[in-house]
Every structure is written in C-alpha cells, then in structure tokens.
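Trainee: Sequence below, structure please.
(one chain, ligands or ions: 1)
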Amino acid sequence: MGNCIFCKIAAKEIPSTIVYEDEHVVAFRDLNPQAPEHILIIPRKHIARIETLTESDTELMGRLVFAAKRIADDLKLKNGYRLIFNNGADSGQEVEHIHLHLMGGRKFSWPAG
Ligand code: AMP
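Mentor: Numbers count the residues shown, from 1 in each chain. Alright, predicted model coming up:
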C-alpha cells in the first residue's frame, strides 16, 4: 500500500534490521525495543488489522506464528517469550499493517498493561 511504512520495510525502500524473510513474511527488529529481543513479524501482503482479514488469510497468519517459532529458536529464547497483536485504538496499535510482536529476553507481567 502506497504510504505504509511496513510495506516500505518489506520492499526494502526504507532500512530496517531484517532477521528473517521468505516469500510471505518479513521480520525485523523494532526501532524502539521494549525487551532485549523485540522483533516485528509482518505479512508482505498489506492487511491493516485483524478485522480486515478474510478466510483466505488463515494460512498466512499461521506463517507469522511459525516465523516467530523459527526466530525464537534462532535467538535461543529458551525461557519463553511473548507474542502480541495490538489491534485497534484501545490496544495502542500505531501501524496499520498487521504485525506480530515477538518479545523475549526478560520476564513479562500478566495481565499485560
Ligand atoms: P503497534 O503499537 O503494535 O502498532 O507497534 C508498532 C511498532 O512499530 C512499535 O513498537 C514501533 O516501535 C515500531 N516501529 C515503527 N516504525 C518502525 C520502523 N521504521 N522500524 C522498526 N520498527 C518500527
């Protein structure tokens, strides 16, 4: 999508630290990390948020989670990690391109803030 910052990262039109990519998915380090390891995993396809998913996106969404598994393995996050989709205004979603936060390397509290 024309003005989407995450589409531009996926297309390498703006720089990022990519840690994983394949035909469907790109994962890169968050610019403002909230944990020692903080990775954003996105579909190459522009999907603004969960409400705009269609059933044909189900495999793609599974690919985000499987990419998280691979990256967590690579980063040796053996003590666990947190996966988060912020979705919509109340969640604090800032970027309107679906992204899975993978955060690890510290303990997290529950319930999330
Ligand atoms: P969210 O609040 O779930 O929409 O998260 C958006 C995330 O994108 C935030 O954690 C930002 O720090 C991160 N972010 C915004 N711009 C960039 C960028 N150019 N490169 C990497 N991370 C970014």
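
Trainee: where do the helices sit along this protein?
Mentor: Remark: helices assigned in the chain by DSSP state H are 5-10, 58-74.

Trainee: Next, format those as CSV and append mean neighbour count.
Mentor: Every C-beta, even on glycine, is put in place using the N, C-alpha and C of the backbone. Below are these laid out as CSV (neighbours: other CB atoms under 10 Å):
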stretch, mean neighbour count
helix 5-10, 19
helix 58-74, 15
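
Trainee: quick one: which of these is nearest the ligand?
Mentor: Nearest to the ligand among the helices of the chain is helix 5-10 (5.6 Å), distances taken as CB to the nearest ligand atom.

Trainee: contacts for that closest one?
Mentor: 1, 14, 16, 26, 28, 40, 42, 44, 46, 95, 97, 99 (CB atoms under 8 Å, 6 or more residues apart in numbering).

Trainee: pLDDT score for the nearest residue to the third one once chain neighbours are set aside?
Mentor: Here the nearest residue to S16 in space, its sequence neighbours aside, is F28; by CB to CB, 6 or more residues apart in numbering that works out to 4.0 Å. Here the pLDDT value assigned to F28 is 98.

Trainee: got it, and G2?
Mentor: 81.

Trainee: That one: how many residues sit nearby?
Mentor: G2 is flanked by 6 other residues according to other CB atoms under 10 Å.

Trainee: Now stretch 42-62: buried residues?
Mentor: Within stretch 42-62, the residues scored as buried using 16 or more other CB atoms under 10 Å are 42-43, 46-47, 49, 57, 60-61.

Trainee: now it: how far from the chain's centre is it?
Mentor: 12 Å (CA atoms, centre = their mean, to the nearest Å).
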